[in-house]
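Enquirer: sequence first, then the predicted structure, then my questions.
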Amino acid sequence: MTRLPQVMVNVKVAHRDPRIADHLADDIAAAESELGDHGRVLLRPSGTEPLVRVMVEASSEDQARSVADRLAAAVVRATA
């Protein structure tokens, strides 16, 4: 297994939505398509806090940060 740079972003939300990943399916699919076989995306609500956790692994830390920031912005838009 090859280790990849990983970036985690916690996005504060007013209300926890257990279906947030379903609402952002297109954004997640676009991110996964961009990463291809060289990364992965995990987006899930926290089980204990009003947060959505966005984790991205990519070939480079810059790419992981860029994708994670875009997904975090999508979470903000979807929960506003």
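Expert: Okay, I see it. Residues are numbered from 1 along each chain as shown.
Enquirer: residues in contact with the spatially most central residue of the chain?
Expert: In the chain, the residue lying closest to the centroid (C-alpha atoms, centre = their mean) is residue 54, at 3.2 Å. Counting by C-beta atoms under 8 Å, 6 or more residues apart in numbering, residue 54 touches 8-11, 41-43, 68, 71-72, 75. Just so you know, the C-beta spots here come from the backbone N, C-alpha and C atoms, and that holds for glycine as well.
Enquirer: how close does it sit to residue 1?
Expert: From residue 54 across to residue 1, the span is 22 Å (C-beta to C-beta, to the nearest Å).
Enquirer: same check, this time on residue 69
Expert: Residue 69 is 26 Å from residue 1, where distance means C-beta to C-beta.
Enquirer: what's the burial count for residue 72?
Expert: Residue 72 is flanked by 19 other residues according to other C-beta atoms under 10 Å.
Enquirer: per-residue pLDDT, it?
Expert: With respect to pLDDT, residue 72 scores 98.
Enquirer: and it, how far is that from residue 3?
Expert: 23 Å.
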